[in-house]
Each structure stands twice: as structure tokens, then as C-alpha cells.
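Student: Give me a model of this one.
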Amino acid sequence: MGRLVKMPASDAEVAFVVSDDFQGQGIGTEFMRLLIQFARNESLTALQAIFVAENQAMRRLCLRFGFHILESSGNEITARLVLKK
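Tutor: Residues are numbered from 1 along each chain as shown. Modelled structure (predicted):
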């Protein structure tokens with residue numbers, strides 16, 4: 001399941017979950033690609049992802065798509081992707 005939640009200032013939060021049985025098959029990568037494309041189609045300016053620090057797969061995925069790690073507070077990481085117009 002994936003979702004894009006619009007926030008103030010033309011930003012949105014991207015979030016998705018892939019069942020354990022289906023991880024490692026490229027589903028998360030495809031979710032991210034589709035959600036970024038949807039955000040661009042909606043003329044959003046940036047995406048944000050918040051995830052637990054232990055989720056190294058999500059961290060690698062965000063970095064692969066050009067997100068910058070903004071902060072790490074305790075067990076939570078925030079990453080941001082500025083979308084080109």
C-alpha cells in the first residue's frame with residue numbers, strides 16, 4: 001500500500017508498506033517511482049519521508065531517489081526530496 005499526503009506549501013509526505021513476504025522484489029522501488037511521478041504531476045514542490053532508523057532499506061531507497069537526510073531524532077529519520085519543475 002502506498003500513499004501521498006499533501007501538506008501545506010505544496011509539499012507532501014510519501015509513505016508505503018510492503019508485506020514481509022514481498023520485500024526485496026522491487027515493489028518499494030516501484031511505489032517510490034510512481035509516488036514521485038504523481039507528486040510531479042500534481043505540481044508539488046517537495047516530498048518528505050519519515051521512517052524508523054532501523055529501516056535501512058528505506059534509507060537506501062530514499063538516497064537512491066535523491067532524497068537528502070534532514071534529521072535523525074532518536075529512532076526517527078526525516079528525508080526530503082525537492083522536486084524539479
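Student: CA atoms for contacts and neighbours, from now on please.
Tutor: Noted.
Student: What ranges does this structure have for its helices?
Tutor: 27-41, 56-64 (DSSP state H).
Student: Minimum distance to residue 50: which of the ones you listed has it?
Tutor: Among these, the nearest to residue 50 by Cα to Cα is helix 56-64 (9.5 Å).
Student: next one: the closest one to chain centre, how far?
Tutor: 9 Å (Cα atoms, centre = their mean, to the nearest Å).
Student: mind listing what's buried in that helix?
Tutor: 58, 59, 62 (16 or more other Cα atoms under 10 Å).
Student: Name all residues that make contact with the first one.
Tutor: Residue 58 makes contacts with residue 51, as judged by Cα atoms under 8 Å, 6 or more residues apart in numbering.
Student: Tell me if I'm right that residue 50 and residue 73 touch.
Tutor: No - counting by Cα atoms under 8 Å, residue 73 is not a contact partner of residue 50; they are 10.7 Å apart.
Student: These two - which one has more neighbours?
Tutor: Using other Cα atoms under 10 Å as the criterion, residue 50 and residue 73 rank with residue 50 on top: 18 against 10.
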